[in-house]
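**Q** Requesting a structural model of the entry that follows:
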Amino acid sequence: MTKKAINCPSFLHLHSTFAAGGKELRCVQLINAFGSNARHSIVSAMPERMEAAKLIGPRISVNYPTKFPPLQGFPSIGRLHKIAQTMAKYDLVLTYNWGAMDAVMAHTIFSDKLGLPPLIHHEDGFNEDEQKRLKPMRNFYRRIALGKSSGLIVPSERLEEVALETWQQPMGRVRRISNGINVLSFAAKPKPVGVPGMEKQPDDRWIGTLAGLRKVKNLPRLVRAFASLPEEWKLIIVGEGAEKEVIEREAAKFDVSHRVFLPGFLAKPERFVGLFDIFALSSDTEQFPISVVEAMAASLPVVAPDVGDIVHMIAEENVPFIASAGNESGLALALEQLAADADLRAKIGEANRVKALAEFDEKTMISTYRRMYFSAMGVPEPKLFGEFKI
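**A** Residues are numbered from 1 along each chain as shown. I've put the predicted structure just below:
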């Protein structure tokens, strides 16, 4: 491929939402790592959800177009044409999840006519409307829309299988890239005041989770599974979303409101994840949750349902504490067993830390994304890299 003379490429990011969830935080992680080697424009189909923008480094060249055509709505040729026209001034288009699929379709329809830049699509999982069964019409739409994309990036084995078999994408287009973090930043024990408004006392024991407060995360299930634990155990749910009141009502129903805390979204998880004694998820669906990697890096045991790639992510010693999907009593039993045995928690946590360091450090992830992005544009990879961290 001929190398282009692009001094500082311009990336257009089209998101279903730019709330501070897993895919958004990874996007920020990569933007910060690129530093001065790229410029970024970020559009959200939900412009009111832009919380992740606060985590982008202050010296990064980034803007938020306010007059971009709507990413969602009836996919008329007129609307798709407007989206395609707006893409033309960028060097690379990066789209994320179903909420940006109309932009992918616009690129496929008008790419040749308008000479559009390459497009790489990212799929990170499904919302509650597809947690049990993928929608046939969406599957068909994706097959067509992805026809001229330069790549389809997925983080999990399950999504790779869906992309190849259900969406019928050619093997050369699909790339699985595991999410990675700065594992060593979780090595030090955080200060007891890592969660604002709370100080962990010596006798306190914390079960923690990081999750958007959405139905698909099924956090009331976690409240119920936690409710029977001894009084010294507290449940810390870090995240924001529409389900907060539902979670609070469930805690009141089981008389554990005084032990369930919802501090909202907290940046820099390395400052507080290590305060947890157990990390837990209760989601109906996941793919490759980066919060699990963060917990592993902080030497924590993980309790979660068997969804997505979780059982493949964790150390072998942790596998018995992964409940079958939807098995609330299994989650409760796993929490009870780990809560009762500090030595077991330490043993599993250490095994998780070793695996996270070996397989999920951010350097591998960042270099793979960098290679794929710059190769798609046909330009040399930047020599300087990793100027900023979240």
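**Q** Sketch out the low-pLDDT regions of the stretch 101-250 of the chain for me.
**A** When the per-residue scores of the stretch 101-250 of the chain are filtered using pLDDT under 70, the ranges that remain are 128-131.
**Q** Which stretches in it count as helices?
**A** Along the stretch 101-250 of the chain, the segments classed as helices by DSSP state H, counting those that start in this stretch run 101-114, 136-145, 157-161, 219-226, 244-253.
**Q** Against which helices or strands is the fourth one packed?
**A** If you count contacts as 3 or more C-beta pairs under 8 Å, 6 or more residues apart in numbering; DSSP states H and E, helix 219-226 packs onto strand 205-210, strand 233-238, helix 244-253, strand 278-280, helix 328-339. The C-beta positions use only the backbone N, C-alpha and C, and glycine is treated the same way.
**Q** please redo it, this time with the cut-off set to 7 Å
**A** Secondary structure elements in contact with helix 219-226, counted by 3 or more C-beta pairs under 7 Å, 6 or more residues apart in numbering; DSSP states H and E, are strand 233-238, helix 244-253, helix 328-339.
**Q** any weak-confidence spans in the stretch 251-390 of the chain?
**A** 383-390.
**Q** Tell me which stretches of it form helices.
**A** In order along the chain, the stretch 251-390 of the chain carries the following helices (DSSP H, counting those that start in this stretch): 290-297, 310-313, 328-339, 342-359, 362-377.
**Q** With respect to burial, which of the helices of the stretch 101-250 of the chain scores highest?
**A** Comparing the helices of the stretch 101-250 of the chain by mean neighbour count (mean count of other C-beta atoms under 10 Å), helix 219-226 comes out on top with a mean of 24.
**Q** Please enumerate residues in contact with that one?
**A** Residues from elsewhere that reach helix 219-226, judged by C-beta atoms under 7 Å, 6 or more residues apart in numbering: 207, 209, 211, 213, 235, 237, 243, 246-247, 250-251, 254, 256, 260, 280, 282, 328, 331-332, 335.
**Q** rewinding a little: got TSV for the helices and strands packed on helix 219-226, with distance to residue 352 too?
**A** What follows is the helices and strands packed on helix 219-226, written out as TSV (distance: least, C-beta to C-beta, whole Å):
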stretch	distance to residue 352
strand 233-238	19
helix 244-253	26
helix 328-339	12
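**Q** mind checking which of those is nearest residue 290?
**A** Residue 290 lies closest, by C-beta to C-beta, to one member of the helices and strands packed on helix 219-226: strand 233-238, at 13.2 Å.
**Q** Partner strands of the closest one and their direction?
**A** On the basis of DSSP bridges, the sheet neighbours of strand 233-238 come out as strand 205-210 (parallel), strand 260-264 (parallel).
**Q** So which residues make contact with the shortest one?
**A** Under the criterion C-beta under 7 Å, 6+ apart, residues 195-198, 223, 234-238, 240, 244, 247, 251 lie in contact with strand 260-264.
**Q** Between all of those, which two are separated the most?
**A** Farthest apart among the contacts of strand 260-264 by C-beta to C-beta are 196 and 223. That separation is 21.3 Å.
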